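> The following block contains a protein sequence and its predicted model.
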Amino acid sequence: MLLLENGHPVTDRWSYATEGEALGTGPVIVPLSRLSEGLGRSAGELGVMLPVDESVSVLRGALPRLSLIVITFPVFRDGRAFSQARALREHLHFTREIRASGHVLPDQYEFLVRCGVTTVEVPDNTDLPVWDRALHQFRVAMQPSVVNEKPTGFGLRRFLPA
């Protein structure tokens, strides 16, 4: 998988934990079922995969130890992960990396960023200019965002960062 941040490919330094194997010492992403095991290790950064049917509140006690939360899209039309990202930022004040994984479309990219997602996993053979255009397609938005934006003075309308 290729990892995008702000429309550009970045190196993924994280590895996903393999079921039945030790977690190791580097940055590792564990399934929610192995979170307590990950919290018990003394070395390396910890990330967790949050299933789309779980509430973000299950992570409340673990947030200080987490460097990454992966939200998943089982199908592109399932928008619950958008709500999870926004709740992590606005209600739980999580400031570190939120990654989108699964069936994500370029058309959803700007909305992911507006909800607080910092990185997106895309297939290796993806057309990068399509993702970059999708991120910068709109200059004005009607709904508030978790990103820093300048209000235009017309109700909820906001100028998007260039």
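Great, that's in hand. Residues are numbered from 1 along each chain as shown.

> CA atoms for contacts and neighbours, from now on please.
Will do.

> what ranges do the helices span in the protein?
Assignment of helices within the chain using DSSP state H yields the ranges 35-40, 80-90, 109-115, 128-136.

> Okay, now the sheet partners of the lengthiest strand in the chain, with direction.
The longest strand of the chain (DSSP state E) is strand 66-73. Each strand that strand 66-73 pairs with, and the sense of that pairing, follows from DSSP bridges: strand 46-50 (parallel), strand 97-102 (parallel).

> would you turn the helices of the chain into JSON lines with distance to Pro9?
Listed next are the helices of the chain as JSON lines, based on distance: least, CA to CA, whole Å:
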{"stretch": "helix 35-40", "distance to Pro9": "28"}
{"stretch": "helix 80-90", "distance to Pro9": "21"}
{"stretch": "helix 109-115", "distance to Pro9": "14"}
{"stretch": "helix 128-136", "distance to Pro9": "8"}
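
> Which of these sits closest to Gly26?
Taking CA to CA, helix 35-40 is the member of the helices of the chain nearest to Gly26, at 11.4 Å.

> Which residues does that closest one contact?
For helix 35-40, the external contacting residues (CA atoms under 8 Å, 6 or more residues apart in numbering) are Leu23, Val30, Leu46, Val48, Ala62, Arg65.

> for those residues, which one is nearest Val130?
For the contacts of helix 35-40, the minimum distance to Val130 (CA to CA) is 28.6 Å, reached by Val48.

> what pairs with Pro9 across the strands?
For Pro9, the beta-bridge partners are Leu4 (DSSP bridges).

> right, and it touches Leu3 too?
Yes: assessed by CA atoms under 8 Å, Pro9 is found in contact with Leu3 at 5.6 Å.

> Tell me which of those two has more neighbours.
A count of neighbours by other CA atoms under 10 Å puts Leu3 above the other of Pro9 and Leu3, at 19 against 15.

> is it true that that one touches Arg99?
No: between Leu3 and Arg99 there is no contact, the gap being 9.0 Å when judged by CA under 8 Å.

> circling back to that earlier point, report the angle between the longest strand of the chain and helix 80-90.
Angle, strand 66-73 to helix 80-90, by axes from the mean of the first three to the mean of the last three CA atoms, to 10 degrees: 150 degrees.

> can you list the residues that contact strand 66-73?
29, 45-52, 79-81, 84-85, 96-104.

> ok so, going back, give me the common contacts of Leu3 and Arg99.
Overlap between the contact sets of Leu3 and Arg99, as judged by CA under 8 Å, 6+ apart, is given by Thr119, Val120, Glu121.
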